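A.B. asks: Fold the following for me, if possible:
(chains A and B, ligands or ions: 2)
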Amino acid sequence: MKWYEMQGKNKDVVISSRVRLARNIEGYPFPTRLDEKGAQEIISKVREAFGNEYTYTDLTALSPLEIKGYIERQEISTDMAKAKGPHGLLTSDKNGVSIMVCEEDHMRLQCVMSGLALREAYELVAEADDKADSALDIAFDEKLGYLTHCPTNLGTGMRASVMVFLPGMTMSRQIQSLSSQLQKLGLTVRGMYGEGSAADGCIYQISNQVTLGITEEETLDKLSNIIDQIVVSERQLRESIIKSDELCDRIARAEGVFRYAKMISSSEFMKLYADLRLGVSTDIIRGISYEKLDSLLVNVMPANLMLDSEQLSADEKQRDKLRAEKIRTIIG
Amino acid sequence: MLCQRCKKKEANVFYRESINGKETNYSVCSDCAREMEEKGEIKNHLSHFESHPTGFGDLFSSLFGAVSAVPGVREATLGKRCSLCGASYSDIAKNGKTGCPQCYSVFSGELSGTVNRIHGNTAHRGRAPKAWKEKLDRTALLESLKKELSESIKAEEFEKAAELRDKIRAIEKSN
Ligand SMILES: [Zn+2]
Ligand SMILES: [Zn+2]
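C.D. replies: Ligands and ions are numbered 1, 2, ... in the order given. Model (predicted):
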């Protein structure tokens, strides 16, 4: 099952949690300096290490549209799509762990879970790391920790991030101050789904920045504690903003558009999505589950719309039609 | 290839020095490279290098003959390259990313400032590969046993000290 089909904790604020570990194999250049033969060797070593439980997808054999679909579902990074040499993705149906092979590092092990579940995601990804460790010679240094292509990942090589929905903080203009507070703690916040303009969709990603000198557990505790605090203050802010008649009207209109409109552009979707999600989380809208809200996020993106409907050459206008249909099917 | 200087460790640093067109090449281990830089046996002119943006082919041709001298270069120019991936420090500085795991030992001096700026002056804590975990645990165990040993000698508990000494020897032997 995918993260967006599962239930989770604190779903009114936390959309998903992700933990990623960067690992490399001793004796080989990093992918940017690796020749074709070396990259193939890495791929077969990693595949062997993870065994039959994992399925390998050769990403170089896929169409650009299919690759975009993987990115929209957050199964691979945009950097992975840019990789020049041989590269691919190992996935397991059993535990939701996947391994990007020959992205920036030889391996990027990751696990995404619904809601606030950093610990659980870490445990699953650590289990996969043990598997890699017992079969491969992992590059490590006593002082620098896991050796990675980019020095920013040295140490644990771990990036833990939480995707949060913060309409309360966004509307009361508190994101800026939250961002500078988090920075002091070695955490970063960035807007998602909004070409830099963070307000679109009110969705943000909060992750750790420091990876050296701090253990995995400490990093996860720090991030979890901060998220707990954010959840509390976001809920309080929502209590006060939903007293506004204008906002309640906007929320009801968003639901109306999603239920009845015939064409919805992706920018309109993103704006209305925030209102819809806020409506669901404050009980103004009933009957739409968080799982439905999460699968909306993934399934109405352009590439997934086209792949799903098998209309691979749909233009923007046709996509807007497909999107409106898809939204109706999902929210029911 | 063995280090030309200590003739003990594996060479993983290549230097090319060109003084007024006269080329000298060294293949040394990273410890010797650090020592040579510290003692000024070779000057560390990394930023001046890069007259030959090279890949592996060039690297080896410059190491084993067929070297083209750079005309007009009066100062000594040095090129240090990682023997595994062929990266020079300026390759790494260009995009802030290393070429391979070995780069971190080859360019440890040059990279320490960057690492400190990103993470602060600190050392790794947390997970480690199994092979390292055993080693790190053993180092920690040895340290505590040695401390106990010197305490028991001070307290004149010689029987206990002898036991501890045997334990330490056994651990060191198993290394
Ligand atoms: Zn040496
Ligand atoms: Zn290297």
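A.B. asks: Surely residue B:126 is in contact with residue A:156?
C.D. replies: Yes. With contact defined as CB atoms under 8 Å, residue B:126 reaches residue A:156; the gap is 4.8 Å. Bear in mind the C-beta positions are built from the backbone N, C-alpha and C, glycine included.
A.B. asks: Get me the contact residues on chain B for chain A.
C.D. replies: B:84-87, B:96-101, B:104-105, B:111, B:114-115, B:118-120, B:122-132, B:136 (CB under 8 Å from any CB of the partner chain).
A.B. asks: Among those, name the buried ones.
C.D. replies: Buried members of those, counted by 16 or more other CB atoms under 10 Å in any protein chain shown: B:84-87, B:97-101, B:104-105, B:111, B:114-115, B:118-119, B:124-129, B:132.
A.B. asks: ok, and of those residues, which contact ligand 2?
C.D. replies: Filtering these for neighbours of ligand 2 using CB under 5 Å from the ion leaves B:84-85, B:87, B:99-100.
A.B. asks: What residues sit buried inside the top helix by length along chain B?
C.D. replies: If you go by DSSP state H, chain B has its longest helix at helix B:130-154. If you call a residue buried by 16+ other CB under 10 Å, then helix B:130-154 has these buried ones: B:132, B:148-149, B:152.
A.B. asks: Pick out the lowest-pLDDT one from these.
C.D. replies: pLDDT is lowest at residue B:132 among the buried residues of helix B:130-154; the value there is 86.
A.B. asks: any idea how far it is from residue A:283?
C.D. replies: Counting by CB to CB, to the nearest Å, the gap from residue B:132 to residue A:283 is 52 Å.
A.B. asks: What are the neighbouring residues in contact with residue A:132?
C.D. replies: With contact set as CB atoms under 8 Å, 6 or more residues apart in numbering or on different chains, residue A:132 has these partners: A:23, A:46, A:49-50, A:107, A:109, A:138.
A.B. asks: picking up where we left off before, with the buried residues of helix B:130-154 in mind, which one is nearest to ligand 1?
C.D. replies: residue B:132 (23.3 Å; CB to the ion).
A.B. asks: which residues touch the closest one?
C.D. replies: A:140, A:142.
A.B. asks: Contacts only, for the residue lying closest to residue A:13 once chain neighbours are set aside.
C.D. replies: In space, residue A:13 comes closest to residue A:231 once its chain neighbours are excluded; the distance is 4.6 Å by CB to CB, 6 or more residues apart in numbering or on different chains. Each residue near residue A:231 by CB under 8 Å, 6+ apart is listed here: A:10, A:12-14, A:116.
A.B. asks: can you check residue B:125 too?
C.D. replies: Contact analysis of residue B:125 by CB under 8 Å, 6+ apart lists A:155, A:213-215.
A.B. asks: ok, 6 Å please
C.D. replies: Taking CB atoms under 6 Å, 6 or more residues apart in numbering or on different chains, we find residue B:125 in contact with residue A:215.
A.B. asks: Surely it forms part of a helix?
C.D. replies: No. Applying DSSP: H, G, I helix; E, B strand; the rest coil, one finds residue B:125 to be coil, outside a helix.
A.B. asks: Quick check, pLDDT for residue B:141.
C.D. replies: pLDDT, the model's per-residue confidence, is 85 for residue B:141.
A.B. asks: circling back: show me whatever sits in contact with both of residue B:126 and residue A:156.
C.D. replies: Listed as contacting both residue B:126 and residue A:156 by CB under 6 Å, 6+ apart are residue A:216.
A.B. asks: Okay, now stretch A:211-219: how far is its last residue from its first?
C.D. replies: Distance across stretch A:211-219, first residue to last, is 8 Å (CA to CA, to the nearest Å).
A.B. asks: Could you do stretch A:294-310 as well?
C.D. replies: Per CA to CA, the first residue of stretch A:294-310 is 22 Å away from its last.
A.B. asks: what comes up buried for it?
C.D. replies: Neighbour-count burial for stretch A:294-310, counted by 16+ other CB under 10 Å, picks out A:294-307.
A.B. asks: Tell me the one among those residues nearest to chain B.
C.D. replies: residue A:303 (28.7 Å; CB to the nearest CB).
A.B. asks: Strands along chain B, start to end?
C.D. replies: Applying DSSP state E to chain B gives strands spanning B:13-19, B:22-28, B:77-82.
A.B. asks: Over to the stretch 101-250 of chain A?
C.D. replies: Per DSSP state E, counting those that start in this stretch, the stretch 101-250 of chain A carries strands over the ranges A:107-114, A:140-141, A:145-146, A:158-165, A:187-191, A:203-208.
A.B. asks: now for the fifth one, which elements pack on it?
C.D. replies: Secondary structure elements in contact with strand A:187-191, counted by 3 or more CB pairs under 6 Å, 6 or more residues apart in numbering or on different chains; DSSP states H and E, are strand A:203-208.
A.B. asks: And the contacts of the strand it packs on?
C.D. replies: With contact meaning CB under 6 Å, 6+ apart, strand A:203-208 is reached by A:159-166, A:187-193, A:219, A:223.
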